[in-house]
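1. model this:
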Amino acid sequence: MTIAEDKAGAARQWGVPPDCLEQEVWENIVRAWAMLQFSSNIRVEDPITRLLWEKLDELMVTSESTRWVVYDQKELWDRGGEIIGRTDLSIRHLSWRTQFYILECKRLNIPADSQRKRANSNADNYVADGMTRFVTCQYSPAMPCGGMLGYVMDGDLPKAREAVKNALDKHASALVFPDKRRFRECRFLPPSPHGGTTRHRRGRQRFILHHLFVSVPDRNTSP
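-> I've put the predicted structure just below:
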């Protein structure tokens, strides 16, 4: 099956071409992040994601012509009624019957502090506990795409991207790349080091993950 056939099937399932909707999702994420005001020194993943969800909900859901529903911390269930995961952000277009565009959020470049003696890139966690959930079909089993959002805690985006790139090589077998190329540019994401795309195989199907790295302000400042 070719990528074109994959996308044609997705377009029939979703009701509209997937590229258009992906672009709209990511444009709103970039806009929402730029508008965030951190009222306190937030350094933990869940509160950061909650602030982003609130702004995304404001941008994508509250208009009169809304076509979107945005969920924070949505539980995923298997057919046996067991919880198999909890997504950070899930976005559903009203034309999609049961599918969601899922985003997994992870901190990167976590500095040392009173509780953490050494700084940690957290890139292994980003890959092994984030990206692999999509490749194994724990997340988005019926979708051809998903997203990763990296909160760069020290603001060094090139360093964070390089650490993730090294982790991709380390976990290459689990990520099932179709070739040796890792990060690719994406036309609707900010250019490197802010964004990029990785491609994966899930059985006979192709899967695309879009990545966005954003700087988290250190002390009561706007991003």
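
2. please count neighbours and contacts with C-alpha atoms only from this point.
-> Fine.

3. the residue positioned nearest the centre of the chain: what secondary structure?
-> The residue lying closest to the centre of the chain (C-alpha atoms, centre = their mean) is Met148, at 2.2 Å. When classified by DSSP: H, G, I helix; E, B strand; the rest coil, Met148 comes out as strand.

4. quick check: it vs Pro191, distance?
-> Distance from Met148 to Pro191, counting by C-alpha to C-alpha, to the nearest Å: 15 Å.

5. that older thread, who does the residue nearest to the centre of the chain form a beta bridge with?
-> Beta-bridge pairing for Met148 (DSSP bridges): Glu104, His211.

6. in contact with Gly147, which residues?
-> Counting by C-alpha atoms under 8 Å, 6 or more residues apart in numbering, Gly147 touches Tyr101, Ile102, Leu103, Glu104, Leu209, His210, His211.

7. most neighbours of all these, which one?
-> Greatest neighbour count in those, by other C-alpha atoms under 10 Å, goes to His211: 28 neighbours.

8. OK, contacts around His93?
-> His93 sits in contact with Arg67, Trp68, Val69, Phe100, where contact means C-alpha under 8 Å, 6+ apart.

9. show me what the longest helix seen in the chain is packed against.
-> Across the chain, the longest stretch assigned as helix under DSSP state H is helix 18-35. Helices and strands touching helix 18-35, by 3 or more C-alpha pairs under 8 Å, 6 or more residues apart in numbering; DSSP states H and E, are helix 3-14, helix 45-60.

10. quick one: the strands in the chain, in order.
-> Taking DSSP state E as the criterion, the chain carries its strands at 68-77, 83-93, 101-108, 145-152, 195-202, 205-215.

11. out of those strands, flag the one nearest Val44.
-> When the strands of the chain are compared by C-alpha to C-alpha, strand 101-108 sits nearest Val44, at 8.0 Å.

12. next, the angle from that closest one to helix 18-35.
-> Here the directions of strand 101-108 and helix 18-35 differ by 40 degrees (axes from the mean of the first three to the mean of the last three C-alpha atoms, to 10 degrees).

13. tell me the contacts of Ile48?
-> Applying C-alpha under 8 Å, 6+ apart to Ile48 gives the contacts Ile42.
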